[in-house]
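J.: predicted model follows, preceded by the sequence.
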Amino acid sequence: MAKAQNTDGGFAAGTHASQNLMDPHASPSDPATTAMVSMAMLRAGSTLSEGRFANVLVQQNSC
């Protein structure tokens, strides 16, 4: 999941018009998808200061 993070720190869900495109970086980040990914990482036990996804959460939080 962390590999799908865009350079701006967010995540994208893609578009309905391009369902055949499997590149997670092809769409711009959107707040809803970024929030859902953040919640999943928090539920996995990560925080902004520790855990497997701490660095990803920090990048998301700096947007």
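T.: Looks like it came in fine. Numbering: from 1, shown residues only.
J.: Phe11 - how many residues pack around it?
T.: 25 (other Cβ atoms under 10 Å). Every residue, glycine included, has its C-beta placed from N, CA and C.
J.: could you check the pLDDT of it?
T.: Phe11 carries a pLDDT score of 91 in this model.
J.: tell me the contacts of it?
T.: Listed by Cβ atoms under 8 Å, 6 or more residues apart in numbering, the contact partners of Phe11 are Ala4, Gln5, Pro24, Ser29, Asp30, Thr33, Thr34, Met36, Val37, Gln60.
J.: pull the longest helix from this protein.
T.: Of all segments of type helix in the chain, defined using DSSP state H, the longest is helix 31-43.
J.: over to the residue nearest to the spatial centre of the chain. Which of the three states is it?
T.: Nearest to the mean C-alpha position of the chain, by Cα atoms, centre = their mean, lies Phe11 at 3.5 Å. For Phe11, the secondary-structure state derived from DSSP: H, G, I helix; E, B strand; the rest coil is coil.
J.: in this structure, what spans have low per-residue confidence?
T.: In the predicted model of the chain, residues 16-19, 62-63 satisfy pLDDT under 70.
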